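Chemist: Mind looking at a prediction? Sequence and model below.
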Amino acid sequence: MEEQQDRVIGGEGGQWVGDEAHPDLSQKDPTIVQDTYNIVRGLLTQYGWLVLFVIIVLMYLKSKLNPYLEQYRRKRENATNQASYNPDVALSRQEAMEQARLRMQEKQDALAAQYAEELRKREEAKRQEKIDEWEKLQKGKGYHSKTRGNQADNASGESKPKPQPKKRLRDGFNAMTGEGGGSSRWRPSPRGGARGGG
């Protein structure tokens, strides 16, 4: 019994020192937490409206002073940047940017030259086509062919047979007039009012 009392520190709710038991980490009466809670609660019940008013005033002042504080912070950053300004680093950075711009400009120039070449080829093809059409006109083969896909047929001198007109489904039928449709045509109702006596 005396050995167990020697191993206990702090008496009631204390911790075991030996290997036999785990230490007790829980407190039965957290007085610091309760005291802090009671103090905060008492202050809020007595001065709650005052605390709320002070918080609102502080938020308003912060919103008004924030631009000035931001401007002051930027000035300090600029001052530190100018103090640590290295002209060699700035020059190398500027040269790298200039090299990148030159590469992009060369790429754009190459694309523009390629586009101009394609445009020139298209214009040359159109000019050659107009010359060919003029020569056809001079030879009496016609000016513009309406179907450009059949230019080979036109050049060989063969003519296509004319398409046959479409056959009508029923001779003499006209949907707008209702004639020729047989006995199942629409007839308007007779005009006039009711024909009852009276």
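Modeler: Yes, it's here.
Chemist: Which parts of this structure are strands?
Modeler: Here the chain has its strands, by DSSP state E, at 8-9, 15-16.
Chemist: tell me the pLDDT at Lys160?
Modeler: Note for Lys160: predicted pLDDT of 68.
Chemist: same thing with Gln108?
Modeler: Per-residue confidence (pLDDT) for Gln108: 96.
Chemist: try Met59
Modeler: Here the pLDDT value assigned to Met59 is 95.
Chemist: cool, and Lys167?
Modeler: Listed pLDDT for Lys167 reads 69.
Chemist: ok, now the one 3 residues further on?
Modeler: The pLDDT attached to Arg170 in the predicted structure is 62.
Chemist: And for Asp29?
Modeler: pLDDT, Asp29: 63.
Chemist: the helices in the protein, which residues?
Modeler: Taking DSSP state H as the test, the helices found in the chain are 2-7, 31-83, 87-139, 151-156.
Chemist: which outside residues touch stretch 104-118?
Modeler: Residues from elsewhere that reach stretch 104-118 (CB atoms under 8 Å, 6 or more residues apart in numbering): none. No exception for glycine: its C-beta is placed from N, CA and C like everyone else's.
Chemist: Let's see it as CSV, backbone CA atoms only.
Modeler: What follows is stretch 104-118, C-alpha atoms only, in CSV (Å, rounded to 0.1, in the frame of the first residue of the first chain):
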residue,chain,number,x,y,z
MET,A,104,7.9,36.2,-82.7
GLN,A,105,8.3,38.9,-85.4
GLU,A,106,10.3,36.5,-87.6
LYS,A,107,7.7,33.8,-87.2
GLN,A,108,4.9,36.3,-88.1
ASP,A,109,6.9,37.6,-91.2
ALA,A,110,7.3,34.0,-92.4
LEU,A,111,3.6,33.3,-92.0
ALA,A,112,2.8,36.6,-93.8
ALA,A,113,5.1,35.7,-96.7
GLN,A,114,3.6,32.2,-97.0
TYR,A,115,0.1,33.7,-97.1
ALA,A,116,1.1,36.3,-99.7
GLU,A,117,2.6,33.4,-101.9
GLU,A,118,-0.7,31.5,-101.6
